[in-house]
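In: My questions concern the predicted model and sequence given below.
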Amino acid sequence: MISTIALAIDRILRNCAKNVNVLLKNQTLDGCLLIALITTVTIITFQTSMGMFGPYEYVRCKPDLRIDHLCLGRSFIEPVERTIYVVTPTYDRYVQIADLTRLSNTLILVPKLHWIIVEDSNHKTTNVEKFILRLEGEFAFHSATHLYTSTPPQYKLKPGQPTWVYPKGIWQRNRALEWLINNRDELDQDGIIYFADDDNTYDLKLFAEIRETRMISVWPVAFAGGLLVEKPIVDRTNRSKVVAFNSEWRKDRPYPIDMAGFAISLKLYFSKHNVKFSAKGPIGFIESNFIGKLINSWDELEPRSNECRDVLVWHTQTKQPNLHEEKRLNNTSMTEVK
Ligand code: UGA
Ligand code: MN
């Protein structure tokens, strides 16, 4: 089809060129009219054919219509309706802005997204404030909310303690949930909440999957729970039903799902009263405890990401930079790169 139209356009253009030559030789009024007619027909044919093929339609689309359509190969004119509220806890460290930059480079490509950044701090830090200011240009089609709340001192890791001793990001995610509750009337009532930590790696296709969430969606997460992929397993005959998990670590978790492996609809969230994350309970149970307050059983989970076969999010963790030379030099400008 495409090659036939291209051939036709090529033939028209060749004819046009021939006629220009004839006109230049004959200088007749008929020739002028003929050229005007051929040019008009060529332009119309060109525009019509461009409109029929993806990339050209895409260029003409509003930016809001981008990623979901390119990724899932759906119609280019299908609008994206539902807002995704992405909640990201973050804390002060050398790689903080690097991690946030990498995440922002993903999120700016996702239409209809509201990014809630919650600092683990008792004030807004200059680094994050500057980072959000820099985003303003790039975030022309999005919006961001900057919040803060600090983790209680008794839950803060002491130097040398293993990272799993205390749960992380609890108070920050709860601060974001509180913001959502307080601003409930202004929100997209058909929206979805996704908890996206600042150091994971997210495929853009994930956001199209998130947008399908009716109640609570689940999908595989790579490098979580000590496995290459920790994931829900769906029923062989009923592919929309989760019947098991391939998790190994803390198998007694009622919902063995990493924070990056689920999204919930605002409708479900608001149908319950003031559901929050809790720091109490066994290590590794924060997701299970939260999900358990929203649904009653695995039957309510909605498997996504190609029936939980595809990995669209990786639980990557950023390596701390080696700064031993800086420390040896007692470099006072080190805080500037934070
Ligand atoms: C795993 C899970 O993927 C997290 O969702 C879970 O919160 C965490 O375990 C946990 O132990 O509670 P992990 O890579 O070990 O993740 O945790 P981090 O990425 O270090 O922290 C999770 C989020 O909380 C990040 O966005 C991070 O910036 C933030 N965080 C971390 C703070 O806000 N304050 C901290 O002191 C540490
Ligand atoms: Mn992490």
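Out: Happy to help now that I have it. Numbering: from 1, shown residues only. Ligands and ions are numbered 1, 2, ... in the order given.

In: which secondary structure element contains the residue of the stretch 1-150 of the chain found nearest ligand 2?
Out: Relative to ligand 2, the nearest point of the stretch 1-150 of the chain is Asp99 (8.9 Å; Cβ to the ion). All C-beta spots, glycine's among them, are computed from the backbone N, C-alpha and C. According to DSSP states H and E, Asp99 maps onto helix 96-107.

In: Could you pull out the strands in this protein for me?
Out: Using DSSP state E, the strands of the chain run over residues 84-90, 113-119, 143-148, 192-195, 201-202, 216-218, 221-222, 229-230, 232-234, 242-245, 262-265, 301-303, 313-314.

In: Mind checking those for the one nearest to Lys327?
Out: Lys327 sits nearest to strand 84-90 of all the strands of the chain, at 24.0 Å, using Cβ to Cβ.

In: Report the separation between the residue of the stretch 51-200 of the chain found nearest ligand 1 and Lys280.
Out: Nearest residue of the stretch 51-200 of the chain to ligand 1 (Cβ to the nearest ligand atom) works out as Gly169 at 2.9 Å. Distance from Gly169 to Lys280, counting by Cβ to Cβ, to the nearest Å: 15 Å.

In: Could you do Phe223 as well?
Out: Applying Cβ to Cβ, the value for Phe223 to Lys280 is 27 Å.

In: Val221 now?
Out: 24 Å.

In: Settle it for me: which of these two has more neighbours?
Out: Taking other Cβ atoms under 10 Å, Val221 and Lys280 do not tie; Val221 has more neighbours (24 against 9).

In: The more buried one contacts Leu227, doesn't it?
Out: No: contact criterion Cβ atoms under 8 Å: Val221 and Leu227 do not qualify, at 9.2 Å.

In: Now for Thr126, how many residues are close by?
Out: Thr126 is flanked by 9 other residues according to other Cβ under 10 Å.

In: ok, it to Ala176 distance?
Out: 21 Å.

In: Output stretch 151-163 as CSV, nothing but the C-alphas.
Out: Taking C-alpha atoms only, stretch 151-163 is exported to CSV below (Å, rounded to 0.1, in the frame of the first residue of the first chain):
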residue,chain,number,x,y,z
THR,A,151,11.6,9.8,58.8
PRO,A,152,11.4,9.6,62.6
PRO,A,153,15.0,9.4,64.0
GLN,A,154,14.4,5.9,65.5
TYR,A,155,13.8,4.5,62.0
LYS,A,156,16.8,6.2,60.4
LEU,A,157,19.7,3.9,59.5
LYS,A,158,22.8,4.3,61.6
PRO,A,159,26.1,4.2,59.7
GLY,A,160,27.1,0.6,59.0
GLN,A,161,23.6,-0.8,59.5
PRO,A,162,22.2,-3.1,56.7
THR,A,163,19.7,-1.2,54.5
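
In: now check stretch 148-157, is it near ligand 1?
Out: Yes: contact of stretch 148-157 with ligand 1 (Cβ under 6 Å from any ligand atom) involves Thr151.

In: Use 866 as the first number for this chain going forward.
Out: Sure thing, new numbering starts at 866, so read that last one as stretch 1013-1022.

In: buried residues in that stretch?
Out: 1013-1016 (16 or more other Cβ atoms under 10 Å).

In: What is the end-to-end distance of that stretch?
Out: The straight-line separation of the ends of stretch 1013-1022 (Cα to Cα, to the nearest Å) is 18 Å.

In: Please compute how far that stretch lies from its chain's middle.
Out: 27 Å (Cα atoms, centre = their mean, to the nearest Å).

In: List the neighbours of it that are in contact with it.
Out: Contacting residues not belonging to stretch 1013-1022 are listed as 956, 983-990, 1028, 1030-1033, 1035-1037, 1039-1040, 1144 [Cβ atoms under 8 Å, 6 or more residues apart in numbering].

In: Please check those residues and keep the buried ones.
Out: For these, a burial check counting by 16+ other Cβ under 10 Å picks out 956, 983-986, 990, 1031-1033, 1035-1037, 1039-1040, 1144.

In: Since that was my last question, I'll sign off now.
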